[in-house]
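> the sequence and its predicted three-dimensional model are supplied below.
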Amino acid sequence: MSEQQNQSESSKTDGQRFYHAKTGCQLILSLSEDEMECRAHLELKPDGSPPSTDDLKGFLAVDGITIGIDEENLSIFLSEATPGKSTNAILAFGIVPEKGKDGSLEYSFISLEPPPVNSSEHTDDSETQKVDFRAVQQFINVEPDQEIGRILQPTLGIPGKTVRGKSVPAEPGKPLMLKLGQNVRVGGENSEILYAEIHGRVKYEADTIHVVEEYVVDGDVDFSVGNIRFNGFVEVRGDVLDGFQVSASKGLKITGNVGNCKLISHGNVEFCGMDGQGVGSVLCGGNLTAHFIHDSTVECWGNMIADVELRNCKIRCRGALVSGMLSGGDCVTLAGIEVKKLGAPSAIKTSVHSGVDYHDLDRLDILLDQVEKLQEQLGTTKDMQELKQLTEKRQQFDRMILELRRRRAPGSNPKVNIKDKIHEGTTICLGSTVELFSKEESGPVSLIENSLQGGLRRLSMSSLEIMADELEKASIQNDEEERLKAEAAELEKEQTEQKSETDETPA
């Protein structure tokens, strides 16, 4: 017999025994105390023969043993019977009751899918396809009133039977001990359905389920964390390594540095530093705060602060920008710029444009490109009707361009504050004035457009809260007062000279 059977024989406490005798042999059938096993002991005399299979089944039936008879064990038991020796085996096993399933929570959303496959071309060749191993996000975003899951009630289980057909009750499952945490409510006829009340993610810890608005990564964003897309606030207590994307609808805070990554948030964004290596980008729907940003593209709908340095960046900001140093790249802001140093000693090309909405600049670039193409068509067409249509279209574009150039978006402040110096090679555009600095100039100074004489006005530095329009009006008024004073002084001088000449003329 097998080792498992021998172990089972030794583990069960004996109950009833049944004796059966036949010429040349004696059979003892023993029930375990719980009647879940029937063991057989057969002794053959030297000249005896074992009972037949039908005889053995008949003995079992006489003793009421009808459930779980093991045909294989029975056959082996009889085949191993040897004259002059005894044989043992388990011939029947009761049906063990199945415990009921415990109550559980069944989530309603689809489980996380395996990492998607990316391919540069549409092909069935698996060698050209790449798995995105960064797509390992381990939580699901939920929305207000979205069904999170359902509470499944425990089951009673399936009763068992002894080898003599007696029912063995099953142990019922235990109910789910679940507490409702924040931002979760119940519904349904039996309060079995769970609903989210806010945008966020499901958090199930201990015996409580919540929907939370924050997701904290206690370390780096790497392959173990993967890309993050969360309808809430994300905090990363480490770095974001190259190639990863973090998207957080309500705000993003990164304690460490960011590589050539993509950061997206409708709220505020904060991180230590970023080296985008020419491909990294930030899309911020609120205010952006950092120590430094290098070689990156930044789009910010609020104010932007980089207290140490912005270097070789493409910046589009709909608020004010404040930085320690801004060198290289192209910067467009709506509400003004204030930096300690602008440009670089190596005369690296640096361009800043303040007081304009970058969306207007983008539309202007598109229109200018269309006008250029239209002008090429005008130069080649010979059809008078087509020429007329193209001319009308050109005039329409010209009006749109003029309107865009005159437009002043709300909050516009064409002003640049320089605390220390402006390096050679820097271009500043304020309103309709563009000035390329061919030599270094020192601050502190506020630069605004000189609307009367053209060029830039260089004024004593004032806060960005003081708008360029106010300064220009004050400057014009001051210029007018100075002009009137100069005219009055000149007139007084002429009158004095005339009087002197009169006094010196002989009578």
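Perfect, thanks for sending it.

> so how many other residues sit close to residue 384?
8 (other Cβ atoms under 10 Å). No exception for glycine: its C-beta is placed from N, CA and C like everyone else's.

> now swap in residue 348 and tell me
Quick note: residue 348 (other Cβ under 10 Å) scores 16 neighbours.

> can you pull the contacts of it?
Neighbour list for residue 348: 327, 328, 425 [criterion: Cβ atoms under 8 Å, 6 or more residues apart in numbering].

> residue 345 sits in which helix or strand?
Here residue 345 sits in a region with no helix or strand, counting by DSSP states H and E.

> surely it meets residue 423?
Yes - under the criterion of Cβ atoms under 8 Å, residue 345 makes contact with residue 423 at 5.9 Å.

> what's the spacing between the residue nearest to residue 347 when sequence neighbours are not counted and residue 64?
Spatial nearest neighbour of residue 347, chain neighbours left out: residue 425 (3.5 Å); criterion: Cβ to Cβ, 6 or more residues apart in numbering. Distance, residue 425 to residue 64, by Cβ to Cβ, to the nearest Å: 105 Å.

> can you pick out the residue with more neighbours from these two?
residue 425 (21 against 17).

> list the contacts for the more buried one?
343, 344, 346, 347, 348, 349, 350, 436, 437.

> give the contact list for the last one.
Read it as residue 437. 343, 422, 423, 424, 425, 426, 427, 428.

> residue contacts, the second one?
Counting by Cβ under 8 Å, 6+ apart, residue 422 touches 341, 342, 343, 428, 437, 440, 441, 443.

> show me just the buried residues among those.
Burial by neighbour count, 16 or more other Cβ atoms under 10 Å: within the contacts of residue 422 this picks out 341, 342, 343, 428, 437, 441, 443.

> residue 387 contacts residue 380, correct?
No - the criterion here is Cβ under 8 Å, and residue 387 misses it with residue 380 at 10.3 Å.

> out of those two, which sits in the busier spot?
Each of residue 387 and residue 380 had its neighbours counted (other Cβ under 10 Å), and the higher figure belongs to residue 387 (13 against 7).

> may I see the buried residues of stretch 76-89?
By 16+ other Cβ under 10 Å, the buried positions in stretch 76-89 come out as 76, 77, 78, 81, 87, 88, 89.

> out of these, what pair is the most spread apart?
Maximum pairwise distance among the buried residues of stretch 76-89 (Cβ to Cβ): 12.5 Å, between 78 and 88.

> please parse the chain into its domains.
Domain assignment for the chain by automatic domain parsing gives 3-93, 104-113+132-212, 216-364+412-459, 365-406.

> could you tell me the end-to-end distance of the second one?
Criterion Cα to Cα, to the nearest Å; first-to-last residue distance in domain 104-113+132-212 is 21 Å.

> any idea which element the residue nearest the centre of the chain lies in?
Nearest to the geometric centre of the chain sits residue 229, at 2.0 Å (Cα atoms, centre = their mean). Element membership for residue 229, per DSSP H and E: strand 228-230.

> what's the answer for residue 329, then?
Using DSSP H and E, residue 329 falls in strand 321-333.

> any idea how far that strand is from the chain center?
Put simply, strand 321-333 sits 28 Å off its chain's centre (Cα atoms, centre = their mean, to the nearest Å).

> in it, what counts as buried?
Buried residues in strand 321-333, counted by 16+ other Cβ under 10 Å: 321-333.

> do stretch 425-440 as well
Neighbour-count burial for stretch 425-440, counted by 16+ other Cβ under 10 Å, picks out 425, 426, 428, 429, 430, 431, 433, 435, 437.

> so which of the residues you listed are in strands?
Counting by DSSP state E, those place 426, 428, 429, 430, 433, 435 in strands.

> and of these, the nearest to residue 199?
residue 429 (40.1 Å).

> was I right about that closest one contacting residue 361?
No - counting by Cβ under 8 Å, residue 429 does not reach residue 361; the two are 9.9 Å apart.

> mutual contacts of those two, please.
Common neighbours of residue 429 and residue 361 (Cβ under 8 Å, 6+ apart) are residue 353.

> rewinding a little: how about the residue nearest to the centre of the chain, nearest residue that isn't a chain neighbour?
Closest residue in space to residue 229, ignoring its immediate chain neighbours: residue 247 at 4.5 Å, by Cβ to Cβ, 6+ apart.

> the one you found: neighbour count?
Residues within reach of residue 247, counting by other Cβ under 10 Å, total 17.

> who does it form a beta bridge with?
residue 229, residue 264 (DSSP bridges).

> just to check, it is in contact with residue 265?
Yes - using Cβ under 8 Å, residue 247 is in contact with residue 265, at 7.1 Å.

> quick one: the strands in the stretch 301-450 of the chain?
Here the stretch 301-450 of the chain has its strands, by DSSP state E, counting those that start in this stretch, at 304-317, 321-333, 337-342, 350-354, 415-422, 426-430, 433-436, 441-442, 445-449.

> let me have those strands in TSV, extended by mean pLDDT and distance to residue 295.
Formatted as TSV, those follow (pLDDT from 0 to 100; distance: least, Cβ to Cβ, whole Å):
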stretch	mean pLDDT	distance to residue 295
strand 304-317	97	5
strand 321-333	96	8
strand 337-342	97	18
strand 350-354	96	14
strand 415-422	96	22
strand 426-430	95	19
strand 433-436	93	23
strand 441-442	94	27
strand 445-449	95	26
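
> including distance to residue 22, could the ones you listed go into JSON lines?
Converted to JSON lines, these look like this (distance: least, Cβ to Cβ, whole Å):
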{"stretch": "strand 304-317", "distance to residue 22": "100"}
{"stretch": "strand 321-333", "distance to residue 22": "103"}
{"stretch": "strand 337-342", "distance to residue 22": "109"}
{"stretch": "strand 350-354", "distance to residue 22": "110"}
{"stretch": "strand 415-422", "distance to residue 22": "114"}
{"stretch": "strand 426-430", "distance to residue 22": "114"}
{"stretch": "strand 433-436", "distance to residue 22": "118"}
{"stretch": "strand 441-442", "distance to residue 22": "122"}
{"stretch": "strand 445-449", "distance to residue 22": "119"}
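
> now the domains of the chain as CSV including distance to residue 499?
Conversion of the domains of the chain to CSV gives the following (distance: least, Cβ to Cβ, whole Å):
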stretch, distance to residue 499
domain 3-93, 135
domain 104-113+132-212, 84
domain 216-364+412-459, 35
domain 365-406, 52
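
> can you say which of these is packed in most?
Neighbour counts (mean count of other Cβ atoms under 10 Å) averaged over each of those peak at domain 216-364+412-459, with a mean of 20.

> most widely separated two among the contacts of residue 425?
Comparing all pairs in those by Cβ to Cβ, the longest separation belongs to 346 and 436, at 15.9 Å.
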